[in-house]
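1. When you get a sec, could you give me coordinates for this:
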Amino acid sequence: MALYLFNFSAAQAIEARTQRQRAAELLRTGTWSIDPDTPHRGALAAGDLVLIYVSAPDRFFIARAQLASPVQALPPLEASTDQADHRTGVLLSHIEEWDPPVPMEAVLARLDASARAKADFDVDVVRIIPHEYETAVAVAAELHRRD
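-> Below you'll find the predicted structure:
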């Protein structure tokens, strides 16, 4: 089992909706599009765990999920979506949306400053280490206990 961060960027959102709204809509389809040139594409496997991250300017985690498949052909999304042309990706299961979202700064504050952890990414799929994953999940649990 591997751990990943799925980075949702402004380029993937459409103007009428915020990045967070668009990422949440995609989560609710139970699929996540993976472009052909995405790093780690061939390594993604059923059982892997992912954190869903909305990049700058928001910089927060909105969910975690488990992969239910490796990269495969996906049914097309509604014609009105901005990702209707993506035909490959992964199926998601055990999706846990986080509302309120988890600020990246709260997670980074708990990670060793000398570690490679950062808030901005150039790619859509980032391999992470167990401590990074566990820290994000712990911060989410603490935020949601206060609600």
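2. residue nearest the centroid of the chain?
-> residue 52 (2.0 Å; Cα atoms, centre = their mean).
3. Quick check: it touching residue 22?
-> No. Contact status for residue 52 versus residue 22: not in contact, 11.5 Å apart, counting by Cβ atoms under 8 Å. For every residue, glycine as well, the C-beta is placed using N, CA and C.
4. Are there residues contacting both of the two? Which ones?
-> With contacts taken as Cβ atoms under 8 Å, 6 or more residues apart in numbering, residue 52 and residue 22 have residue 8 as neighbours in common.
5. Residue 42 contacts residue 88, doesn't it?
-> No. Under the criterion of Cβ under 8 Å, residue 42 lies out of contact with residue 88, with a separation of 11.5 Å.
6. Overlap in contacts, these two.
-> residue 71.
7. Compare the two (neighbour count), which wins?
-> Each of residue 42 and residue 88 had its neighbours counted (other Cβ atoms under 10 Å), and the higher figure belongs to residue 88 (15 against 9).
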